[in-house]
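J.: What shape does this take:
(chains A and B)
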There are 2 protein chains.
Amino acid sequence: MGGSALPESARADLAALLGTDNVLLDPDERLGRASGLSYLDLLRARAGDEAVPVPDAVLLPADPEQVQSVLDVCLRHDVGVVPFGGGTSVVGGVAAVRGDKAAVVALDLVRLDELVSVDPVSRIAVLQAGVRGPEAERLLAAHGFTLGHVPQSFERATIGGFAATRSAGQASSGYGRFEEMVAGVRLATPKGEWRLGVAPASAAGPDLRQLAVGSEGALGVITEVALRVRPLPEQRYYEGWVVDGWAAGAAAVRKLAQEHALADVTRLSDVDETTVSFALNAGWQTTALRAYLAARGIRNPCLLIVGWEGEVARRRGRTRAMLRRAGARRIGTTLGDSWRRGRFSGPRQRDALMELGVCVETLETAAYWSNLAELHEAVRTALVASLGRAIVMCHVSHAYETGASLYFTVLASRDGTDPIGQWQRAKAAASEAITGLGTISHHHAVGVDHAPYLSAEIGRIGVDVLRAAKTAVDPTGILNPGKLLA
Amino acid sequence: MGGSALPESARADLAALLGTDNVLLDPDERLGRASGLSYLDLLRARAGDEAVPVPDAVLLPADPEQVQSVLDVCLRHDVGVVPFGGGTSVVGGVAAVRGDKAAVVALDLVRLDELVSVDPVSRIAVLQAGVRGPEAERLLAAHGFTLGHVPQSFERATIGGFAATRSAGQASSGYGRFEEMVAGVRLATPKGEWRLGVAPASAAGPDLRQLAVGSEGALGVITEVALRVRPLPEQRYYEGWVVDGWAAGAAAVRKLAQEHALADVTRLSDVDETTVSFALNAGWQTTALRAYLAARGIRNPCLLIVGWEGEVARRRGRTRAMLRRAGARRIGTTLGDSWRRGRFSGPRQRDALMELGVCVETLETAAYWSNLAELHEAVRTALVASLGRAIVMCHVSHAYETGASLYFTVLASRDGTDPIGQWQRAKAAASEAITGLGTISHHHAVGVDHAPYLSAEIGRIGVDVLRAAKTAVDPTGILNPGKLLA
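T.: As a prediction, the model looks like this:
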């Protein structure tokens, strides 16, 4: 890692603005904001890769006004700005890419940690961008509310990051995707502050909130988000079901989605993921469980976790009846509860597996129902063809009337000589398989990694439109260089 | 009305492309596509106003490919293009504004009348842009499906128009707003064809479908829309309730929305609209009805129409119980049914009233719940202050967890000398009252009339972003000049 390339004049202006303590030049601080949590990020960090770009400074603005002032200073000095929230991006979203800039700073929003307001009548809360998932829940709980937004990154990720990446939580069937919660957005841009959101719905032209949401720091730095909140659930109830085979499972989930009978959490594992889930969660009882299921005609079990929050009793009966009609078998609450307890542990398990020399990563997509089986098979085939012997597991975690997400977890033996190239090739193969059948990302966003696939999805014109929107707010391109748009 | 200013070379190219029969220069044909159905449109038409701009030709392309070719020709000849669907705009959305163009054509999509495909698994149907509401329902019903999109313009308006204007139907609480039904869009633009929509939800950058939806012909001509469809409802059931006072009524609807207990149709009239509704629908029984209600403590009745489509029995009990707890009184199915039968007759009633010398128009907005009472009062006050003696009626027809729409109907004595100025002043007063409290349009769109208010709502930066997006797809500005962006 080299020294900071931040020009002294820029540093002085930023220090005058934020205070010297809030302009960090320390190498460890800068390294700590240099990358996210993808497998490649971790591989490179382990290797102490000197080629990984590191921001030239870490800025810690105190509030939205200071964020705006930071942009004004960076615009004047032509310094790139990478917004940094929880640092949990798995697509290179916080990589310190310089683009055509001589220097780039990480704009850490950690100090924007306030609940700005709560409107209990409209059920809207305004949260600053740097509030992390658990803190958001704690702040809202004091008013009797919850967001109900619980992605795997929940413990570290921030409100601004959720909005910038169109995050989807594990209870998205009940609480909606993050963009569905967004009533308003406040952004800092090189052209000044931009506020959106005056009504729940509008026909006053295109919905620009849906342009701000998912803009990944490339169209502005999100400083505050007005969010639809819901009453804290009095009850939570999770249980496990088993369906015979992936096709039957997907059909059952589709039926629930199309009949508006989805539980708030609805998560269907394929056969391979179910095998691992049983081993991890049912332990020595797995054999007995398999025998029990086989005696009931379920030879290719697919685990389905369903969970309700809030009004459990009123809704559970209808969902259960539909699952029974679909041939599913209830297997009690043990697997549901153990999934819920362990649902943030994936990243930690990954660290342990990496220690053991395993290539381990996840990737995700979504498609319309009629493409889902083909997409599932195409991605599996592509990954296995690229990685050789590999375990590829998959689940549906977000279902809609018209389609669903697919979330893949891949385990393979790590290539000792070229581990980075090994995964890059596998990821490229999977991405090619996705293109034309589904979206390149259902909830991980674009970042650096998916940018090459964006034009296949939204068209050359779509990319031109995004680039034009970016140029309108950021004519010199200081905002998150190299992200979203390749 | 002057002659056609379409250059002969352009006419020849268009005739070569579409056939002479599909390039209409006849004055009546052109006049028939010169405006929409706002009160001002009708006033001007009655006055035979020579100043109303008329398109220089009416084009009748046969399919999306021909629409694209028409744009190519018009780009070459620098001719403006106004997409024309049902012609039901009430905001000047189809006005033949020339902008900086020497000639402008109306692109009538009437021949794009096909159901392109139905995917019963994903429950997605692709419809061409020119299909009108009733025909869309007829085509889908043959496959057992419905859109459930029934705005007041239903009988004439088109799929393309619904998408271009972010239309909301009367059953939006059940079926959603039109933009929520849109899975994909195909547009013709001066830069070529643009297709969007590969998955129900995505984190692959901003949702550009939500930029295309509401773009009002300014970012492209919508030629096909992929739409989420639902099974045809086996039952429909509508009934009337009465609540004591607007505040209690709004609180009851808010409760239903926030508890996810809204009926598919939920329509709350204020006291003044209820008075007229009773008179029109209950006729000579009104006095008895009022006495019945007064005996039960309801002195300021506000009529609430609720209607379910599809699964009536399962859902009705919960909604009814909540309404009872809110102090509402059920008054049977007569008013509900009569509202449903008469729901498209508003425009015809308006024609009759105009004959009688009445100034009659509607306008609409939406806001978060905590602003709704103030917005209701502010718009009423502004209209009465501007018009003098006027009847201002209002209803909520679309409710959300965070807020609701307000739909105003205004009746006043027409100013004989300056009827146009009379309404322009009243509309300006209402629009000023809306600004800062709600959206300038919940489902009528921007067109010409609301364009001056857009920057107050989405910011100067929002307007710049839209203009940049437009320039990216339409650098010479041939697409619907003067609409959306002032």
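J.: Within range of chain B, give me the residues from the stretch 301-450 of chain A.
T.: Counting by Cβ under 8 Å from any Cβ of the partner chain, the residues of the stretch 301-450 of chain A close to chain B are A:314, A:318, A:365-371, A:398, A:400-405, A:437-446, A:450. In short, each C-beta sits where N, CA and C put it, glycine included.
J.: Could you identify the buried members of the residues you listed?
T.: A:365-371, A:398, A:400-405, A:437-446, A:450 (16 or more other Cβ atoms under 10 Å in any protein chain shown).
J.: hang on, the earlier thing: out of the residues of the stretch 301-450 of chain A next to chain B, which sit inside helices?
T.: Within these, residues falling in helices by DSSP state H are A:314, A:318, A:369, A:370, A:371.
J.: if I look at the last one, how far off is residue B:126?
T.: Distance, residue A:371 to residue B:126, using Cβ to Cβ, to the nearest Å: 15 Å.
J.: Run through the helices of the stretch 201-350 of chain A in chain order.
T.: A:209-212, A:246-258, A:271-277, A:286-295, A:312-325, A:334-342, A:346-355 (DSSP state H, counting those that start in this stretch).
J.: Tabulate the ones you listed (JSON lines), appending mean pLDDT.
T.: Putting those into JSON lines (pLDDT from 0 to 100) gives the following:
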{"stretch": "helix A:209-212", "mean pLDDT": "97"}
{"stretch": "helix A:246-258", "mean pLDDT": "98"}
{"stretch": "helix A:271-277", "mean pLDDT": "93"}
{"stretch": "helix A:286-295", "mean pLDDT": "90"}
{"stretch": "helix A:312-325", "mean pLDDT": "95"}
{"stretch": "helix A:334-342", "mean pLDDT": "78"}
{"stretch": "helix A:346-355", "mean pLDDT": "81"}
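J.: Mean neighbour count, these: which tops it?
T.: helix A:209-212 (a mean of 25; mean count of other Cβ atoms under 10 Å in any protein chain shown).
J.: Report whether it contacts chain B.
T.: Yes: Helix A:209-212 lies within reach of chain B by Cβ under 8 Å from any Cβ, at A:210, A:211, A:212.
J.: wait, which of these is closest to residue A:20?
T.: residue A:212 (32.4 Å; Cβ to Cβ).
J.: what residues does stretch A:252-264 touch?
T.: A:148, A:171, A:173-175, A:243, A:266, A:268, A:304, A:306-310, A:315-316, A:318-319, A:322-323, A:326-328, A:369, A:396, A:399-401, A:404, B:121, B:123 (Cβ atoms under 8 Å, 6 or more residues apart in numbering or on different chains).
J.: Now intersect the residues you listed with the strands, please.
T.: A:243, A:266, A:268, A:304, A:306, A:307, A:308, A:309, A:396, A:404 (DSSP state E).
J.: In a markdown table: those, plus pLDDT.
T.: Shown next, in a markdown table, are the ones in strands among the contacts of stretch A:252-264 (pLDDT from 0 to 100):
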| residue | pLDDT |
| --- | --- |
| A:243 | 97 |
| A:266 | 97 |
| A:268 | 98 |
| A:304 | 97 |
| A:306 | 96 |
| A:307 | 95 |
| A:308 | 96 |
| A:309 | 93 |
| A:396 | 97 |
| A:404 | 98 |
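J.: State the number of residues packed around residue A:388.
T.: 11 (other Cβ atoms under 10 Å in any protein chain shown).
J.: residues contacting it?
T.: A:412, A:413.
J.: Let's see that with 10 Å instead.
T.: A:412, A:413, A:415, A:422, A:426 (Cβ atoms under 10 Å, 6 or more residues apart in numbering or on different chains).
J.: before we move on, back to that, just give me the closest of the residues of helix A:209-212 next to chain B to residue A:141.
T.: residue A:212 (26.9 Å).
J.: how much space is there between that closest one and residue B:205?
T.: 11 Å.
J.: and what of residue A:142?
T.: Distance from residue A:142 to residue B:205, by Cβ to Cβ: 35 Å.
J.: Between the two, which is the more surrounded one?
T.: The residue with more neighbours, out of residue A:142 and residue B:205, is residue B:205; 30 against 10, by other Cβ under 10 Å.
J.: need the contact list for the more buried one.
T.: So residue B:205 contacts A:165-166, A:211, A:213-216, A:218-219, A:440-441, A:445-446, A:450-451, A:454, A:457-458, A:462-463, A:466, A:483-485 (Cβ under 10 Å, 6+ apart).
J.: mind giving me a markdown table with the helices of the stretch 201-350 of chain A and columns for distance to residue A:201?
T.: Converted to a markdown table, the helices of the stretch 201-350 of chain A look like this (distance: least, Cβ to Cβ, whole Å):
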| stretch | distance to residue A:201 |
| --- | --- |
| helix A:209-212 | 11 |
| helix A:246-258 | 22 |
| helix A:271-277 | 38 |
| helix A:286-295 | 46 |
| helix A:312-325 | 25 |
| helix A:334-342 | 33 |
| helix A:346-355 | 36 |
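J.: looking at the ones you listed, which is closest to residue B:36?
T.: It is, among the helices of the stretch 201-350 of chain A and with distance given as Cβ to Cβ, helix A:209-212, at 26.7 Å.
J.: what sits up against the closest one?
T.: With Cβ under 10 Å, 6+ apart, helix A:209-212 has contacts from A:163-164, A:166, A:179-180, A:182-187, A:189, A:194-197, A:202, A:219-220, A:222, A:225-226, A:465-466, A:469, B:179, B:205-211, B:213-214, B:458, B:462, B:465-466, B:469.
J.: Just the endpoints, please. Distance across stretch A:257-271?
T.: 21 Å (Cα to Cα, to the nearest Å).
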